[in-house]
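> Kindly generate the corresponding structure for this input.
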Amino acid sequence: MRLCRRLGTKALLHNSPTAAKRLGAFGVHLSGSMQREIGRAKRSGAFVIASTHSRGEAVRAFKRGADRIVISPIFEVANKGLPLGVSFLQSLNPTIRSKTIALGGIVDEAHARCLSGVFAFASIRFFVRKDNNGV
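Below is the predicted model:
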């Protein structure tokens, strides 16, 4: 946390609201099975990002107080279940969509261009591909 503070970077811890509060992290990322902890994390002052995999989970996460959600998989990813698809993202309430981080199978600019209206997208393969100016 000292490094993050020195660099002016916000840190989020995974699945541990208690540790996030104790260490002074900006917030917490909660997996789908940890959604019941959203309220407790918010009461402690944490910024909360919740992982979701369906419309119902997304709505519940926001009702519980999540600041942002990650929803996945959008495109096909091995061993991650059926992709939700771009049409699913576009069918979300615009307020929910604007607070959504899309994840899963986003590997090129064509995929990224399909994600209009979302807050952001997360990917590994998109950024490490040389033709996307990755590392």
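
> what comes up buried for the longest helix anywhere in the chain?
Counting residues, the longest helix found in the chain (DSSP state H) is helix 55-63. Of all the residues in helix 55-63, those buried under the rule 16 or more other Cβ atoms under 10 Å are Glu57, Ala58, Arg60, Ala61, Phe62. Placement of C-beta: from N, CA and C, glycine included.

> how about the residue positioned nearest the centre of the chain, secondary structure?
Taking Cα atoms, centre = their mean, the centroid of the chain lies closest to Val70, which sits 2.7 Å from it. Three-state call for Val70 (DSSP: H, G, I helix; E, B strand; the rest coil): strand.

> shouldn't it be in contact with Ile49?
Yes. With contacts counted by Cβ atoms under 8 Å, Val70 reaches Ile49, the gap being 6.2 Å.

> ok now do Arg97, which residues does it touch?
Arg97 makes contact with Leu89, Gln90, Gly117, Val118 under the criterion Cβ atoms under 8 Å, 6 or more residues apart in numbering.

> try it again with 6 Å
Residues near Arg97 by Cβ atoms under 6 Å, 6 or more residues apart in numbering: Gly117, Val118.

> What score does it have for pLDDT?
pLDDT, Arg97: 94.

> Using PDB, list the CA coordinates for the strand ranked longest in the chain.
What stands out as the longest strand in the chain, according to DSSP state E, is strand 47-52. The C-alpha trace of strand 47-52 is given here as PDB (Å, rounded to 0.1, in the frame of the first residue of the first chain):
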ATOM      1  CA  PHE A  47     -15.100   1.400  -3.400                       C
ATOM      2  CA  VAL A  48     -16.600  -1.900  -4.500                       C
ATOM      3  CA  ILE A  49     -16.400  -3.800  -7.800                       C
ATOM      4  CA  ALA A  50     -18.400  -7.000  -8.000                       C
ATOM      5  CA  SER A  51     -18.000  -9.800 -10.500                       C
ATOM      6  CA  THR A  52     -21.200 -10.900 -12.100                       C
END
